[in-house]
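Undergrad: What shape does this take:
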Amino acid sequence: MRVEFRREGGIAAFPGLSRPFEVDGDSLPAAEADELNRLLGAARDAAPAAAEFMPAPDQPSWVITWDENGHARTLRVPDPAPDQRLQPLLDFARRKQRELRGA
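TA: Okay, here's the model as predicted:
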């Protein structure tokens with residue numbers, strides 16, 4: 001499963017400086033792949049509540065897109081997450097983003 005993470009907005013945000021990145025769940029170690037699947041399940045459960053929150057002006061957000069049973073699913077989450085079930089997924093995204101930058 002491929003998951004795309006894209007960070008948007010924030011103070012002094014410049015389009016193009018924060019490029020989207022993908023995480024291929026099939027290429028991750030088993031423990032990380034399980035963690036990603038668990039986090040996406042929590043995101044799916046929290047999606048209706050998260051949809052009610054719009055980021056404040058200059059508040060960063062994450063746009064997370066993944067394939068679920070043949071259907072693309074996209075979730076926009078203000079950062080920090082308004083629903084604590086989503087914060088671990090944002091933490092995962094930041095960790096993977098740092099790993100990719102360091103590679």
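Undergrad: which other residues reach the longest helix that the chain contains?
TA: Identified as the longest helix of the chain according to DSSP state H is helix 30-51. Helix 30-51 has contacts (Cβ atoms under 8 Å, 6 or more residues apart in numbering) with 1, 3, 23, 25-26, 28, 64, 66, 68, 73, 75-77, 81-83, 85-86, 88-89, 92. Heads up, the C-betas are built off the backbone N, CA and C, glycines and all.
Undergrad: Of those, which belong to strands?
TA: V3, V23, I64, W66, E68, R73, L75, R76, V77 (DSSP state E).
Undergrad: and the fourth one, bridged to which residues?
TA: In this case it means W66. V3, R73 (DSSP bridges).
Undergrad: how about the longest helix of the chain: buried residues?
TA: The neighbour-count check on helix 30-51 (16 or more other Cβ atoms under 10 Å) flags A33, E35, L36, L39, L40, A42, A43, A46, A47, A50 as buried.
Undergrad: Present the residues you listed as CSV; the columns should include distance to G102 and pLDDT.
TA: Below are those laid out as CSV (distance: Cβ to Cβ, whole Å; pLDDT from 0 to 100):
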residue, distance to G102, pLDDT
A33, 20, 95
E35, 19, 96
L36, 19, 96
L39, 21, 95
L40, 24, 93
A42, 27, 90
A43, 25, 87
A46, 30, 80
A47, 31, 70
A50, 29, 56
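Undergrad: for those, which one is nearest R19?
TA: Nearest to R19 among the buried residues of helix 30-51, counting by Cβ to Cβ, is L36 at 19.9 Å.
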